[in-house]
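Chemist: give me coordinates for this.
(2 chains)
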Number of protein chains: 2
Amino acid sequence: MAVYTEVLDEDLEIFVDAYDIGRVLSCKGIAEGVENTNYLMQTDRAQYILTLYEKRVASEDLPFFLNLMEYLAEAGIPCPTPLHGRDGDALRTLCGRPAAIITFLHGMWPKRINAVHCSEVGAALARFHDAGAAFGMERPNALSLAAWRPLFEASQVRADDVRPGLTDLIAAELDYLEAHWPTDLPQGVCHADLFPDNVFFLGEELSGLIDFYFACNDFLVYDLAICLNAWCFERDNSFNVTKARRMLSAYRRERDVSDAEISALPTIARGAALRFLLTRLYDWLHQPEGAFVKPKDPLEYLTILQFHQGVSTPGEYGLD
Amino acid sequence: MAVYTEVLDEDLEIFVDAYDIGRVLSCKGIAEGVENTNYLMQTDRAQYILTLYEKRVASEDLPFFLNLMEYLAEAGIPCPTPLHGRDGDALRTLCGRPAAIITFLHGMWPKRINAVHCSEVGAALARFHDAGAAFGMERPNALSLAAWRPLFEASQVRADDVRPGLTDLIAAELDYLEAHWPTDLPQGVCHADLFPDNVFFLGEELSGLIDFYFACNDFLVYDLAICLNAWCFERDNSFNVTKARRMLSAYRRERDVSDAEISALPTIARGAALRFLLTRLYDWLHQPEGAFVKPKDPLEYLTILQFHQGVSTPGEYGLD
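Modeler: Numbering: from 1, shown residues only, chains lettered A, B, ... in the order given. Sure thing, here's the model as predicted:
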């Protein structure tokens, strides 16, 4: 939840005048997106999302994100798509920040996850991966294996304050993953942050995927592992094998998953857990003075990592 | 800005089923209202505001607020009005909190105030006061003269940490106001919190008044003084007499203001300034651990108070 930048009425009017979307009737800051400022804007024609990109999103990456959304939406993936101004540009400037107007998607993110949600997300992710195969741009994953050790070093000194023994545990896990991380799995465009608050449903039907601002190229099964971790653990951090089975089988119905990908899943899932453990740990230990965004608990992902450390075969994820 | 309570999908569905408003298509927490949780909810018929009343609003006052909104809306005041469920009830329960669905108003609150805004607000406040005259319920102002000394005592020990000399200044002002506060001015229903973020405009035309959760019975001119303080001082806290003239003359065109009210204005304006100085000072000194709402600067209202202390005749407010 965050509204970081307040937009003056006159500035908004000038900004919206560059589009052919009618007159603004309301514009309310919404509690969506932790990295950016988002407004739900209504004109006399339709509803839109107005996003101002704050400094945590690198502006040179924005064309990748916006083009990807447009590309996927055209390919039938239910996701928001940026509007183009009369001059053809989708990416503009508002209040000194890069800004865009994107289409508004109906639906609500599920607050209480059930197995049907997991199945829908698995299928949608596979379709996303298939659709992204022909996308012409690339963005390396800035939060993949190579980034984890520097991230760890930035938190290492105080990690044991969060949980005694955490430093040694992460150090050993890093050693393991650096030694065992696969190199030759199928790659493609990943969402890389498909948590429940980025997936909308109408009833039990998936109606939209949002927040493409971590999208990047990486192993497709890494994206699947991020989803598995985000959707298939209960609030008490216990693993729900029914949810996992539903997610994985729905994914495999839509996309041909290789044996190598299946075999790598336990290692990849450890990496996907470590990635969020490390970024949350960093954010936990580096809260800016006066920040009004509550950091997420890193230890939730410690439990998830430890679960995967105990997995000896992919069958334990409910795979047939 | 605040979303305090997260509503589960199933709970929302059951809640909305009590109304005849269609199917929910989206429901987003909005950065509006500091005291309550507000969602902008869209159904297949219209947009609504879903409000959950958090503990700072006394639930026994809610019938007053909701009935007042309904009464004023029927009298032609542009304000949200609560919806009634199929059973006739407007006030229900959601997530263990009192909750209501109210109509959605178009418009945006002005981020940069000009004299036209002040004129529009003055006229709207007068019409509000006239319309409220026949409203059948009463609610004493819990933040009037009698409340100020206890509020001060709760902050007194640390007031000088905020500004050296503040304790003595407030103590003297309290003595003055207790000795000089009028007793026989025209009373009626006041909004009592008509700050710019509670007034919507479409272009330069006022389109709505919102947030009635401080509404109460008090001197009407006290409500006008709250507006004067909230709208007619610049960001550097200098008094803008043009804005004040426009506000006061627009108000007087709509409502007959007595000579006694005009004469009392400098004293009343001091009281209206002290009220916000005291509540902001209290909130400043009593920030709950881990709170994510930034308290407002109390010293802004110290400057406003000091301005009014220097006023010797109401003519200094731009009155003819």
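
Chemist: backbone torsions only: list them for residue A:75.
Modeler: phi -80, psi 0 (degrees, to the nearest 10).

Chemist: and residue A:303, helix, strand or coil?
Modeler: Following DSSP: H, G, I helix; E, B strand; the rest coil, the label given to residue A:303 is helix.

Chemist: what's near enough to touch it?
Modeler: A:233, A:237 (C-beta atoms under 8 Å, 6 or more residues apart in numbering or on different chains). Where C-beta positions appear, they are placed from N, C-alpha and C, glycine not excepted.

Chemist: from residue B:297, how far out is it?
Modeler: Remark: distance between residue A:303 and residue B:297 (C-beta to C-beta, to the nearest Å) = 42 Å.

Chemist: residue A:144 now?
Modeler: 44 Å.

Chemist: got it, and residue A:261?
Modeler: 56 Å.

Chemist: so residue A:144 and residue B:297 - more neighbours on which side?
Modeler: residue A:144 (18 against 13; other C-beta atoms under 10 Å in any protein chain shown).

Chemist: surely residue A:78 is in contact with residue A:105?
Modeler: Yes - when contacts are counted by C-beta atoms under 8 Å, residue A:78 is listed as touching residue A:105 (6.8 Å).

Chemist: which residues do these two both contact?
Modeler: Joint contacts of residue A:78 and residue A:105 (C-beta under 8 Å, 6+ apart) are A:207-208.

Chemist: strands of chain A, start to end?
Modeler: A:24-29, A:37-43, A:47-52, A:92-94, A:97-103, A:187-190, A:199-202, A:205-209, A:216-219 (DSSP state E).

Chemist: any low-confidence regions in chain A?
Modeler: A:1-3, A:33-34, A:289-293 (pLDDT under 70).

Chemist: residue at max distance from the center of it?
Modeler: residue A:10 (33.2 Å; C-alpha atoms, centre = their mean).

Chemist: so who does the residue lying closest to that one once chain neighbours are set aside touch?
Modeler: Distance criterion C-beta to C-beta, 6 or more residues apart in numbering or on different chains; nearest residue to residue A:10, sequence neighbours excluded, is residue B:112 at 7.1 Å. Residue B:112 is in contact with A:8-10, counting by C-beta under 8 Å, 6+ apart.

Chemist: can you list those in TSV and add distance to residue B:23?
Modeler: What follows is these, written out as TSV (distance: C-beta to C-beta, whole Å):
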residue	distance to residue B:23
A:8	36
A:9	33
A:10	37
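
Chemist: among the residues you listed, which ones are in helices?
Modeler: A:9-10 (DSSP state H).

Chemist: tell me the one of the contacts of residue B:112 nearest residue B:53?
Modeler: residue A:9 (29.5 Å; C-beta to C-beta).

Chemist: can you report how many residues lie near that closest one?
Modeler: Under the criterion other C-beta under 10 Å, the count of neighbours that residue A:9 has is 17.

Chemist: please apply the same query to residue A:78.
Modeler: Applying other C-beta under 10 Å, we find 20 residues neighbouring residue A:78.

Chemist: what about it, distance to chain B?
Modeler: Applying C-beta to the nearest C-beta, to the nearest Å, the value for residue A:78 to chain B is 14 Å.

Chemist: out of everything not next to it in sequence, what's closest to residue A:92?
Modeler: That would be residue A:99: by C-beta to C-beta, 6+ apart, it lies 5.6 Å from residue A:92.

Chemist: mind listing what the nearest residue to residue A:18 once chain neighbours are set aside touches?
Modeler: Spatial nearest neighbour of residue A:18, excluding adjacent residues (C-beta to C-beta, 6+ apart): residue A:85 at 4.1 Å. Going by C-beta under 8 Å, 6+ apart, residue A:85 touches A:18-19, A:92.

Chemist: look up how far residue A:163 lies from residue A:85.
Modeler: Relative to residue A:163, and taking C-beta to C-beta, residue A:85 is found at 49 Å.

Chemist: outline the domain layout of chain A.
Modeler: A:9-103, A:115-317 (automatic domain parsing).

Chemist: near chain B, which residues of chain A show up?
Modeler: Contacts of chain A with chain B, taken as C-beta under 8 Å from any C-beta of the partner chain, map to A:1, A:3, A:6-10, A:12, A:24-32, A:40, A:42, A:47, A:104-108, A:110-112, A:200-202, A:290, A:292-294.

Chemist: buried ones from these, can you make that a ChimeraX selection?
Modeler: With 16 or more other C-beta atoms under 10 Å in any protein chain shown as the criterion, this ChimeraX line picks the buried residues out of the residues of chain A next to chain B:
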select /A:1,3,7,9,12,24,25,26,27,28,29,30,31,32,40,42,47,104,105,106,107,108,110,200,201,202
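
Chemist: now do the contacts for the residue in the stretch 51-200 of chain A that chain B sits nearest to.
Modeler: Closest residue of the stretch 51-200 of chain A to chain B, C-beta to the nearest C-beta: residue A:106 (4.2 Å). Residue A:106 sits next to A:200, A:202, A:207-208, B:25-26, B:42 when contact means C-beta under 8 Å, 6+ apart.

Chemist: go again using 7 Å as the cut-off
Modeler: Listed by C-beta atoms under 7 Å, 6 or more residues apart in numbering or on different chains, the contact set of residue A:106 reads A:202, A:207, B:25-26.

Chemist: repeat that for residue A:98.
Modeler: Residues near residue A:98 by C-beta under 7 Å, 6+ apart: A:53, A:59, A:62, A:91.

Chemist: give me the buried entries from those residues.
Modeler: By 16+ other C-beta under 10 Å, the contacts of residue A:98 give A:53, A:62, A:91 as buried.

Chemist: narrow the residues you listed to those in helices?
Modeler: residue A:62.

Chemist: could I get the phi/psi values of the residue nearest the centre of chain A?
Modeler: Centroid-nearest residue in chain A: residue A:193, 1.6 Å away (criterion: C-alpha atoms, centre = their mean). Dihedral angles of residue A:193 (phi, psi; degrees, to the nearest 10) stand at phi -160, psi 40.

Chemist: which residue packs closest to it, ignoring adjacent ones?
Modeler: With C-beta to C-beta, 6+ apart, the residue lying closest to residue A:193 is residue A:214, at 4.0 Å.
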